[in-house]
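Participant: Could you look at this predicted model? Sequence included:
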Amino acid sequence: MKQEDELIKLSLAANAAIQDVQMATEKEDENLKEHVSKLIARAKECILAFKSKIVEIENDAVLVDKETDKAALDSLVKKWKQELRQANIMFKRVHLNALAVIEQREKTALIGSGSTALSTRKRIVDKQSAAKGSSSITDSLVHTSRMMAEHLQRSSDTIETLSNSSKGITLTNEELKNMQGHIKNSRSLLTKYGRKEMTDRLFLFLAVAFFLATVLYIIKKRLWSSDIAMESFNAPQENVQDPVIV
């Protein structure tokens, strides 16, 4: 994911800037205060850029409509907020340690005319304190690097899972398209059979009507022929006269 890659780069830059501050306090430098101040300002800028990117992704998550993408962004923001919190804790620790070292060296410089043994002892104490702080910060950086490696592995697994899900969705979409084609063909066949049924019913109705008309015609013709025959039979009887008796 591009957004997570950017967050990883910003996180590494912030951790590197914090480590630069810690390493600067371990060196003998006449301008230590000025040098450390610049490194602290740079570390603050890196942490601020890291925080701004997290806020940007968090704002983008609000505008996302798809639930899966929104959940992924929310999870990403939650995970990197924890990283930002750890970076802030390390920065505060390094900052306080640097201030303590600078203050101690300034005091040592002010009492440089005092006992050499005392100065040496303070220098040793300063170095021991710086070494302890450096060891603690190194452990924190190692822990952070280990967590980032785990996050990268989880991100890789998530990307692979999303890829498999995408393939499954593509196959499902193709199956739905095929089913839609079958449904369309079935609908066409049903429409065709419906029209054929209507045509068959019409032909059947016309055949029945023709049959009834034929039957009526035959019946009517026979009745008409019978009437004519009866009239022909009755006509001679009416015209015959009784014989005259002389």
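Facilitator: Perfect, I can see it now. Numbering: from 1, shown residues only.

Participant: Show me the strands in the protein, by range?
Facilitator: Read by DSSP state E, the chain holds no strands at all.

Participant: residue nearest the centroid of it?
Facilitator: Asp69 (2.8 Å; CA atoms, centre = their mean).

Participant: separation between that residue and Ala17?
Facilitator: Remark: distance between Asp69 and Ala17 (CB to CB, to the nearest Å) = 32 Å. C-beta here means a position set from N, CA and C on the backbone, and glycine is covered the same way.

Participant: what's the answer for Glu106, then?
Facilitator: Distance, Glu106 to Ala17, by CB to CB: 24 Å.

Participant: Which one's more surrounded, the two?
Facilitator: Neighbours were counted for Glu106 and for Ala17 using other CB atoms under 10 Å; Ala17 has more, 21 against 11.

Participant: Please name the nearest non-neighbouring residue to the more buried one.
Facilitator: In this structure, Ala17 finds its nearest non-sequential neighbour in Ala43, 3.8 Å apart by CB to CB, 6 or more residues apart in numbering.

Participant: Neighbours of the one you found, how many?
Facilitator: 25.

Participant: per-residue pLDDT, it?
Facilitator: Ala43 carries a pLDDT value of 88.

Participant: In contact with Val208, which residues?
Facilitator: With contact set as CB atoms under 8 Å, 6 or more residues apart in numbering, Val208 has no partners.

Participant: What ranges in this structure fall below the confidence cut-off?
Facilitator: Along the chain, the parts satisfying pLDDT under 70 run over 1, 29-30, 112-136, 139, 227, 229-246.

Participant: could you pull out the helices for the protein?
Facilitator: Taking DSSP state H to define them, one finds helices in the chain at 2-25, 32-63, 67-110, 116-239.

Participant: quick revisit: ok, the residue nearest to Ala17 - contacts?
Facilitator: The neighbourhood of Ala43, defined by CB under 8 Å, 6+ apart, consists of 14, 17-18, 20-21, 91, 94.

Participant: between these, which is closest to Ser225?
Facilitator: Nearest to Ser225 out of those is Ala14 (CB to CB; 119.4 Å).

Participant: Grab the nearest non-local neighbour of that closest one.
Facilitator: Using CB to CB, 6+ apart and skipping the chain neighbours, the partner closest in space to Ala14 is Cys46 (4.1 Å).
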